[in-house]
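Peer 1: What would the 3D arrangement of this be:
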Amino acid sequence: MVMDGEYRRVIEESPIPLKDGAEELLRYISSIEIPIAVATSTAIDRAQKKLKSSGILDYFDFIIGGDQVTRSKPDPEIYLKAASELSSEPSKCLALEDSANGVKAAVAAGMTVVQIPDLVQPGEELLSLGHIVLRSLYDVPKYQFSS
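Peer 2: Have a look, this model is predicted:
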């Protein structure tokens with residue numbers, strides 16, 4: 001049996017599993033010089049460690065952690081803060097999400113939202129928000145976004 005402290009150490013030191021196409025998409029976004037931020041419910045210190053251990057920390061201009069906002073997703077505060085840090089209007093931002101609460105937060109912030117579902121596919125209620133659902137991060141650069 002794994003003890004609580006040991007479990008915490010393993011979680012903190014293990015790289016986060018990346019979605020297929022994550023590194024390729026990050027390289028692509030970097031190559032076209034679009035600023036990029038992470039808006040995560042995870043505390044900032046833990047998020048930075050996880051991104052670093054997965055080798056993708058340097059792709060991001062800013063990281064906004066759940067401990068830097070007063071209201072968590074589905075409230076849009078974290079996405080509004082990320083847009084502000086990027087000096088961008090939320091309506092000019094693209095949010096990539098996997099969770100229902102993340103989608104709700106980004107839609108409420110006024111962003112274009114792409115959901116790449118993990119295990120749980122979006123239900124009718126979530127789909128009624130009008131966001132984009134793609135199968136893979138590989139599909140993002142190929143998607144024809146309206147301007």
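Peer 1: mind listing the strands for the protein?
Peer 2: Ranges of strands within the chain are 37-39, 62-64, 94-97, 112-115, 132-133, based on DSSP state E.
Peer 1: Most tightly packed of the ones you listed?
Peer 2: Across those, the average number of neighbours (mean count of other Cβ atoms under 10 Å) peaks for strand 37-39, which reaches a mean of 24. All C-beta atoms are positioned from the backbone trio N, CA, C, and that covers glycine.
Peer 1: Adjacent strands (with direction) for that one?
Peer 2: Strand pairing for strand 37-39, using DSSP bridges, gives strand 62-64 (parallel).
Peer 1: Tell me the confidence at residue 66?
Peer 2: The per-residue pLDDT reported for residue 66 equals 96.
Peer 1: make that residue 93, sorry
Peer 2: 97.
Peer 1: and what of residue 108?
Peer 2: Model confidence at residue 108 (pLDDT) stands at 98.
Peer 1: these two touch, right, it and residue 75?
Peer 2: Yes. Using Cβ atoms under 8 Å, residue 108 is in contact with residue 75, at 7.3 Å.
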